[in-house]
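Visitor: requesting a structural model of the entry that follows:
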Amino acid sequence: MVKLLINLNIKSSIFYMLLLFQIIGISKLNAQNLNDINALIDSVTQYKSGELILTEKMKYISQTDTVKSTQDILYYNTTDSSSNYLFYYKKDTFVFIKDNYIYSDSKYNRIISKADIIADRTKLFNFTFYFTQNGVLKDIVNNRSTKIVVINSYTKDEQEFKIYKVFIKDYKEFINSYYILHFNLTKHSLDKVIYRVEFMNDFQYSEVDIEIKKQFKDIDSNIYKKINTEYEHLNKRVNVITYKGERNDTIEFAPNWNLPLINGEYLNSKNIDSKLLLIDFWYVGCYPCLKAIPALVELDSIYNNKDLRIIGINAKDKEIERINKIINYHNIKYDIVLQGDSISKDFKVYGFPKLFLIDTKTNKVLHIEKGYSKAIKDNLIKEINKALKEDDN
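Guide: Numbers count the residues shown, from 1 in each chain. Predicted coordinates for the structure are as follows:
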């Protein structure tokens, strides 16, 4: 019996030693891959100007179809880290960044600061290449990754390629996410970026192919001239407005509306008999909108329908199935109406989510909440209680 226990202890010790060696080996391999991928990113970002084509395939949350888009891009980076990009979408529409601000002659007609570019990068176009030039990809690799592995390494047409898979730390609802980075070692280029993330029992997928037509280690004079010439033309023909702070997006009284519910029946704002009405302009592909929903679900459980009624006004989605996924996931009990795009201009909705607290007797807008913040529930409770107290008096 003693001999058996000794043998078991020896076997157990050997097992744990082997496991420890394996963990150390994996750690060393991951550290080596991290060093290698940082060196490759440095190699890619050594170029100060160039011309390329981005072809993106995107599958959004709660969608089954893949959306494809192509952008022709010119860029140059100055010594003061100012980035200048020209993105062509169509013959008559383009977006570009100059001195770290976005200018657009598209329907958005707006400028966004560099900080907003990083926060809202999917609103106008894919910033995969922008990330590599401004260190965001390095931040992902060095600060947000849990593991980096080489999934393929090969030679084709006398060119060497290496493909890395970068596993990303879970963040709140975002889980099991990763990047796949295709590096061309011969051309010092990043040829493809794949990103996948799971969210709310669904997933989002993006695949961007990067075709480099030209690249220069200095600022090419032709590219410099082209971008700045287009900038001057844009300033002459487009009334560029700031995205934040200068747009008049407040209203004193809420317009009346009559919109369809998911079941096909119509809901008219004139027929709402609660003291207060809280309406939320949202859509499925808007992450801040989805972040705000739990607060609204909680408010709906706090107040009875005589005091407060909450209505979600979906402003973009056409597929009922997509909306129902969100309703079921968050267990939404308040009504959702469709075709909100038909009234969003009347409410001066230029960004999402946007919420209006309304006195139903007078249609007076008592409070407007723009965007999502952690304080959204507390802000709304404060305003709701204030309005109910005044009504009682």
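Visitor: now the stretch 251-393 of the chain, which segments are flagged as low pLDDT?
Guide: 393 (pLDDT under 70).
Visitor: domains of the protein?
Guide: Structurally, the chain divides into domains by automatic domain parsing as follows: 35-242, 258-392.
Visitor: let me have the ones you listed in TSV, extended by mean neighbour count.
Guide: (Glycine included, C-beta is placed from N, CA and C.) Below are the domains of the chain laid out as TSV (neighbours: other Cβ atoms under 10 Å):
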stretch	mean neighbour count
domain 35-242	16
domain 258-392	17
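Visitor: how about CSV for these, with distance to Asp249 added?
Guide: Formatted as CSV, the domains of the chain follow (distance: least, Cβ to Cβ, whole Å):
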stretch, distance to Asp249
domain 35-242, 11
domain 258-392, 4
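Visitor: for Thr250, which of those is the nearest?
Guide: Between Thr250 and these, the shortest gap by Cβ to Cβ is with domain 258-392, which sits at 6.3 Å.
Visitor: what's the average pLDDT for the helix or strand where Lys147 lies?
Guide: Assigned by DSSP states H and E, Lys147 belongs to strand 145-156. Averaged over strand 145-156, pLDDT sits at 92.
Visitor: could I have the CA atoms of stretch 169-180 written out in PDB?
Guide: The C-alpha coordinates for stretch 169-180 follow below in PDB (Å, rounded to 0.1, in the frame of the first residue of the first chain):
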ATOM      1  CA  LYS A 169      -9.900  39.500 -23.600                       C
ATOM      2  CA  ASP A 170     -13.600  39.300 -23.000                       C
ATOM      3  CA  TYR A 171     -15.200  42.700 -22.300                       C
ATOM      4  CA  LYS A 172     -18.600  42.800 -20.700                       C
ATOM      5  CA  GLU A 173     -21.000  41.300 -23.300                       C
ATOM      6  CA  PHE A 174     -18.300  40.900 -26.000                       C
ATOM      7  CA  ILE A 175     -16.900  37.400 -25.700                       C
ATOM      8  CA  ASN A 176     -14.800  34.900 -27.700                       C
ATOM      9  CA  SER A 177     -13.400  37.600 -29.900                       C
ATOM     10  CA  TYR A 178     -10.300  37.300 -32.000                       C
ATOM     11  CA  TYR A 179      -8.400  38.900 -34.900                       C
ATOM     12  CA  ILE A 180      -6.700  37.000 -37.700                       C
END
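Visitor: neighbouring contacts of it?
Guide: Identification of contacts with stretch 169-180 by Cβ atoms under 8 Å, 6 or more residues apart in numbering yields 140, 144-146, 151, 163-168, 192-200.
Visitor: distance between that stretch and the chain's centre?
Guide: Put simply, stretch 169-180 sits 13 Å off its chain's centre (Cα atoms, centre = their mean, to the nearest Å).
Visitor: got it, and stretch 43-58?
Guide: 20 Å.
Visitor: can you tell me the SS state at the residue nearest to Ile212 when sequence neighbours are not counted?
Guide: In this structure, Ile212 finds its nearest non-sequential neighbour in Leu52, 4.8 Å apart by Cβ to Cβ, 6 or more residues apart in numbering. The three-state assignment at Leu52 reads strand, by DSSP: H, G, I helix; E, B strand; the rest coil.
Visitor: so Leu52 sits right up against Ile210, yeah?
Guide: Yes: the pair Leu52 and Ile210 passes the contact test of Cβ atoms under 8 Å, sitting 6.0 Å apart.
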